[in-house]
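A.B. asks: Quick one, what's the 3D model for this:
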Amino acid sequence: MPSRLLLATFWLAFFLSGPSLHVSSAQTPENELSPAIESPTPFSETSSAPPTAEPQLPETRPQERADDLVLLGELRNSVLVSPNNTDTRLKLSQALYRIGDLDAALDECRVAIKLDSRNARAYLQLGITLMAKQDGQAASIALMEALQLDPKLTQAHYSLGTVQYSLGNLPAAIQSYRRALDLQPDFPDARYRLALVLKLTNRHQEAVQFMESAAGSGIAQAQYFMGNAYRNGQGVERNLTVAIRWWTKAMEFGQPRAAESLSLLRRQALSPDQPEQRRTDAITAFRQYRRELWGDYPDAGRHNSNESVGVALLKGSQVSDGITALFVEALALGEAAHDELAQLYETGLDTSLAQFDTRILRCFTTTAADGFIPSKKALARIYGKGIGVTQDRQKATAMLKGLSKQEMQEVLDEIAAQ
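C.D. replies: Numbering: from 1, shown residues only. Alright, predicted model coming up:
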């Protein structure tokens, strides 16, 4: 996917799932920032226990559910007409699996196996359904039987790897994922899973090769882990700028922990209580990331090193790309982009950006919570004057926490002068 499309997807996804516009007074104190930590154990992002790693039943929209029920009825009729047709039984099993009736899906799998005990795909379907039932041992038996009958079933190798991974049998999981990739080299999910298991066995350099390939294919969790790898220097040379780029891509694809990592790095850059070297490293990384954004827009017409790519794009009448870049730069602590958004909040921009656009408020709320002074000032002014929101002088004053007395007074004087 081209970089420009990714960036456009990014700010849309961010603002659809962004934080509340209310700034809580229970923000993590800036002097309690935790140090950079290792990426979580791949088995589980919250605990050290192996996950079930079973496939999740797909979420379907109302129309899709209706279509599934129509198909289910048609398959039931087909089974009535041809009760001994193995393929029809398997299709019925898949339809039942899709609507979440796992017990009925298992029953149909077993009937299909009775009708044709040499049908590898019947055992594959049985294994996948048992995975959803969180019966790893039974699932592994079914999947191994499928592979005995057809060793070239890529999905069976992949699913077996997932079961072995969940059971903690890492060598077997590695072997299964490798076999799946041998059969189907273009299989990003298998690369991601293999990378996780290799990481668990401390084979970081090998793991990062598969992880980066999966990340480049759009797997958000892989992108998040790549950001962690570059932050910590695990399997790659430490590079905070590249970490920011990977975390930003992960946000584009809806990975919430990447947003948390970026927030932590912003607070590291902005908190006066952080060690000077850590602050400098974070500030430098964000600055370099903003500079590298110009590479995504070669026709933007850069004039100086401190210019905002978003502003340049707007001047060049590339409005859609310009707005996208402004949001990305602002979230990367770009003051010029922030100031342009603050102005656009009040004026709007033709049909491309509404006046008082709440996405700008979300952007400012996010960075203000991390200590970005320009965002705090902008929000104080917006709430103090009631610009596009209900006027709230108390909230405006709360926004100014952390500013110097002189800065705070200047904003309060501006609000009072309306």
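A.B. asks: Now do the contacts for Gln355.
C.D. replies: 345-348, 388 (Cβ atoms under 8 Å, 6 or more residues apart in numbering). Where C-beta positions appear, they are placed from N, C-alpha and C, glycine not excepted.
A.B. asks: change it to 7 Å
C.D. replies: Residues near Gln355 by Cβ atoms under 7 Å, 6 or more residues apart in numbering: 346-348.
A.B. asks: for the residues you listed, which one is nearest Val111?
C.D. replies: Lowest distance from Val111 to these (Cβ to Cβ) belongs to Gly348, with 62.1 Å.
A.B. asks: where's the residue lying closest to that closest one once chain neighbours are set aside relative to Thr347, distance?
C.D. replies: Among residues not flanking Gly348 along the chain, Gln355 sits closest, at 3.5 Å (Cβ to Cβ, 6 or more residues apart in numbering). Counting by Cβ to Cβ, to the nearest Å, the separation of Gln355 from Thr347 is 6 Å.
A.B. asks: mind exporting the longest helix anywhere in the chain as CSV, just the C-alpha atoms?
C.D. replies: Determined from DSSP state H, the single longest helix within the chain is helix 62-81. Output in CSV follows, covering the C-alpha atoms of helix 62-81 (Å, rounded to 0.1, in the frame of the first residue of the first chain):
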residue,chain,number,x,y,z
PRO,A,62,-26.2,-7.7,9.8
GLN,A,63,-26.5,-8.3,6.1
GLU,A,64,-23.7,-10.8,6.2
ARG,A,65,-25.4,-12.6,9.0
ALA,A,66,-28.7,-12.7,7.0
ASP,A,67,-26.8,-14.1,4.0
ASP,A,68,-25.2,-16.7,6.2
LEU,A,69,-28.6,-17.8,7.4
VAL,A,70,-29.9,-18.1,3.9
LEU,A,71,-26.9,-20.1,2.9
LEU,A,72,-27.4,-22.3,6.0
GLY,A,73,-31.0,-23.0,5.0
GLU,A,74,-29.9,-23.9,1.5
LEU,A,75,-27.2,-26.3,2.7
ARG,A,76,-29.7,-27.9,5.1
ASN,A,77,-31.9,-28.6,2.1
SER,A,78,-29.0,-30.0,0.1
VAL,A,79,-28.1,-32.4,2.9
LEU,A,80,-31.8,-33.5,3.0
VAL,A,81,-31.5,-34.3,-0.7
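A.B. asks: on that earlier part again, closest to Tyr158 among the contacts of Gln355?
C.D. replies: For the contacts of Gln355, the nearest to Tyr158 is Gly348 (49.0 Å; Cβ to Cβ).
A.B. asks: what about the closest one, how many neighbours?
C.D. replies: 13 (other Cβ atoms under 10 Å).
A.B. asks: can you check the one 3 residues further on too?
C.D. replies: Residue crowding around Thr351 was assessed by other Cβ under 10 Å; the count is 7.
A.B. asks: Same question for Glu206.
C.D. replies: Glu206 - counted by other Cβ under 10 Å - has 14 other residues nearby.
A.B. asks: now the one 5 residues further on
C.D. replies: Applying other Cβ under 10 Å, we find 32 residues neighbouring Met211.
A.B. asks: helix/strand/coil for it?
C.D. replies: Secondary structure assignment for Met211 (DSSP: H, G, I helix; E, B strand; the rest coil): helix.
A.B. asks: ok, it - contacts?
C.D. replies: Contacts of Met211 (Cβ under 7 Å, 6+ apart): 192, 195, 222, 225-226, 229.
A.B. asks: Closest one of these to Gln134?
C.D. replies: Tyr192 (21.2 Å).
A.B. asks: What's the local residue count around the closest one?
C.D. replies: Tyr192 has 22 nearby residues by other Cβ under 10 Å.
A.B. asks: mind giving me the domain ranges of the protein?
C.D. replies: 3-38+267-371, 62-233 (automatic domain parsing).
A.B. asks: returning to what we had before: out of the contacts of Met211, which sit inside helices?
C.D. replies: 192, 195, 222, 225-226, 229.
A.B. asks: Just send those back as a markdown table, with pLDDT and distance to Asp281 too.
C.D. replies: Output for the ones in helices among the contacts of Met211, formatted as a markdown table (pLDDT from 0 to 100; distance: Cβ to Cβ, whole Å):
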| residue | pLDDT | distance to Asp281 |
| --- | --- | --- |
| Tyr192 | 97 | 29 |
| Ala195 | 96 | 26 |
| Ala222 | 96 | 24 |
| Phe225 | 96 | 21 |
| Met226 | 96 | 19 |
| Ala229 | 95 | 17 |
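A.B. asks: Quick one, which of those residues are buried?
C.D. replies: For the ones in helices among the contacts of Met211, a burial check counting by 16 or more other Cβ atoms under 10 Å picks out 192, 195, 222, 225-226, 229.
A.B. asks: Between the contacts of Gln355, which sits nearest Ser140?
C.D. replies: Gly348 (58.3 Å).
A.B. asks: any low-confidence regions in this structure?
C.D. replies: Counting by pLDDT under 70, the ranges of the chain that qualify are 1-66, 305, 418.
A.B. asks: what residue of it is the furthest out?
C.D. replies: Val81 (46.4 Å; Cα atoms, centre = their mean).
A.B. asks: going on from the longest helix of the chain, what's the next piece of helix or strand?
C.D. replies: helix 86-99 (DSSP states H and E).
A.B. asks: Tell me what angle the helix or strand following that following helix forms with helix 62-81.
C.D. replies: Next helix or strand after helix 86-99 toward the C-terminus (DSSP H and E): helix 102-115. Angle between the axes of helix 102-115 and helix 62-81 is 30 degrees (criterion: axes from the mean of the first three to the mean of the last three Cα atoms, to 10 degrees).
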